[in-house]
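> Following is a predicted model, sequence given first.
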Amino acid sequence: LKGWSPLAVDLRDAQFRLHRASLLALAAGVAALLLLACANLANLMLAQVLSRRAQFALRAALGGRTAVLRLQVMETLIVSIAGAIGGLVAGYLVLPVLLKLDPSLSRTFGEIVIDWRVQAAATFAALAVSLVSSVLPVWSALRGDLAKSISDGSRRSVGTRRDRRVRSVLVAAECALSVV
C-alpha cells in the first residue's frame, strides 16, 4: 500500500468531533446557569441579613456572635442543599424524557448518565456559595457599631451605601448572566 500511513486517533475525538462545539456551548450554558443561581442565592442572603441586621446586632451585643453566624450558616445550608437536591432530582427526571425525545443521542454519545463527578461538583458549588453568601454578610453586619445597627434596624433602613452598592452589583450580575 504505497502512499498510505497509519494514523492513531483518540476515540473520543473521533466520536465527538462533529458535536464538540454543541457540547461546549451546552457546558457554557450550564455554567452560566449555575453562576446565575449562585448570584441569586447571594442576593437573597444579603437581603435577608440586611433585613435582620438589628436582630443580629442585638444577639451579638448579648454575646452570641458565634450563635448568629451558626444560625445564618445553617439556614443558608438548608436552602443550598434543598436547591442542589432539587436540581439533581430534576436532572434525573428530565434525562429520560430528553432521551425519549431524541433517541439518536444514545446512538451518538453512547450511554448518557449523570456522572458522580458532576453531582459532586454541583454539591461542592452549592456548599461553597452557601458558606460565602452566609458568612460574609453576617460578618459585615456584625463588624460595625452594634448600637448603631440596633438603632438603624428600628427605623428599617435599607443598609449602608456599601450594602446598596453590593446589592446593585449582584443585581447587575444577575441581569448580565440572564441575558447571556
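Ah, there it is.
> When you work out contacts or count neighbours from here on, use the C-alpha atoms and nothing else.
Fine.
> for A172, what are its contacts?
Going by C-alpha atoms under 8 Å, 6 or more residues apart in numbering, A172 touches no other residue.
> Please, which helix or strand holds it?
Using DSSP states H and E, A172 sits within helix 161-179.
> Also K100?
With DSSP H and E as the criterion, K100 is inside helix 65-101.
> For that helix, buried residues please.
By 16 or more other C-alpha atoms under 10 Å, the buried positions in helix 65-101 come out as R65, V68, L69, Q72, V73, T76, L77, V79, S80, G83, A84, L88.
> Same question for stretch 32-45.
Neighbour counts over stretch 32-45 (16+ other C-alpha under 10 Å) mark 33-45 as buried.
> Now, those residues that are in strands?
Among these, no member falls in strands (DSSP state E).
> taking those one by one, which sit in helices?
Among the buried residues of stretch 32-45, DSSP state H puts 33-45 in helices.
> Which pair of those residues spans the longest distance?
Checked with C-alpha to C-alpha, these reach their widest spread between L33 and M45, with 18.4 Å between them.
> Which residue would you name as the spatial centre of this protein?
C38 (2.9 Å; C-alpha atoms, centre = their mean).
> and it, what does it touch?
Each residue near C38 by C-alpha under 8 Å, 6+ apart is listed here: A126, V129.
> ok, and the closest non-adjacent residue to T76?
Spatial nearest neighbour of T76, excluding adjacent residues (C-alpha to C-alpha, 6 or more residues apart in numbering): S130 at 5.6 Å.
> What is the neighbour count of that neighbour?
25 (other C-alpha atoms under 10 Å).
> Identify the residues contacting it.
Counting by C-alpha under 8 Å, 6+ apart, S130 touches L41, A42, V73, T76, L77, S80.
> Alright, calling it a day.
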